[in-house]
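> My questions concern the predicted model and sequence given below.
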Amino acid sequence: MFKIASAEMIKRVSDADQKLESFNSYRNIAMSETPESNQLVYTFMFRAELFDQLHTIAVLTSVFGVFASILSYCVDFFADFNFYWLVLFLILVFSLRSGWKRFYTISMNIPFSLYLTKIKKTKEGE
């Protein structure tokens, strides 16, 4: 989808002032052409950041769990540590990272799909 949208943008943008060198510059043009996509992009980006923060918390908790399980063999204070909590947090780590990747990919691709839809509608209207 990005390749098709970028080819269309190169055809439409002929200004020498605009340099289309990076993914972000193409995405900025697509978002400026379709302002109705902004709220949708921000929603998915918020979800991606939320998953990222929860992932960080789960990683830190898992690291603490690993240390607690190591200490449970050495110190009687951690003898009641339940190994199943560590497994739960490790599952959370992987599931939250995959959720972040999903929402981040969606938030990056939405402007291009809406841009192509807008271009298609304008070509059909001509």
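Received it, and whenever you're ready, just let me know what you need. Residues are numbered from 1 along each chain as shown.
> Only C-alpha atoms from now on, for both contacts and neighbour counts.
Noted.
> How many neighbouring residues does residue 22 have?
Around residue 22 there are 8 other residues, counting by other CA atoms under 10 Å.
> again, but for residue 60
Around residue 60 there are 14 residues (other CA under 10 Å).
> now the helix or strand encompassing it, how far from the centre of its chain.
In the assignment (DSSP states H and E), residue 60 maps to helix 38-74. Its chain's C-alpha centre and that of helix 38-74 lie 14 Å apart, by CA atoms, centre = their mean, to the nearest Å.
> pLDDT on that helix, on average?
The average pLDDT within helix 38-74 is 84.
> Would you mind getting the angle between the helix or strand following that helix and helix 38-74?
Reading on from helix 38-74 to the C-terminus, the next helix or strand found by DSSP H and E is helix 83-125. On the basis of axes from the mean of the first three to the mean of the last three CA atoms, to 10 degrees, helix 83-125 is oriented at 160 degrees to helix 38-74.
> per-residue confidence for the residue nearest in space to the middle of the chain?
Centroid-nearest residue in the chain: residue 104, 1.6 Å away (criterion: CA atoms, centre = their mean). On the pLDDT scale, residue 104 is placed at 91.
> pretty sure it contacts residue 48?
Yes: Residue 104 is in contact with residue 48 according to CA atoms under 8 Å; the separation is 5.3 Å.
> how near is residue 48 to residue 23?
Residue 48 sits 19 Å away from residue 23, taking CA to CA, to the nearest Å as the criterion.
> Who are the contact partners of residue 63?
Residues near residue 63 by CA atoms under 8 Å, 6 or more residues apart in numbering: none.
> change the start of the numbering to 239 and stick with it
Okay, residue one is now 239; in that scheme the one you just asked about reads as residue 301.
> Relative to residue 360, how far out is it?
Counting by CA to CA - residue 301 and residue 360 are separated by 54 Å.
> Check residue 286 too.
The gap separating residue 286 from residue 360 is 32 Å, by CA to CA.
> With neighbour numbers in mind, choose between these two.
More crowded of residue 286 and residue 360, by other CA under 10 Å: residue 286, with 24 against 10.
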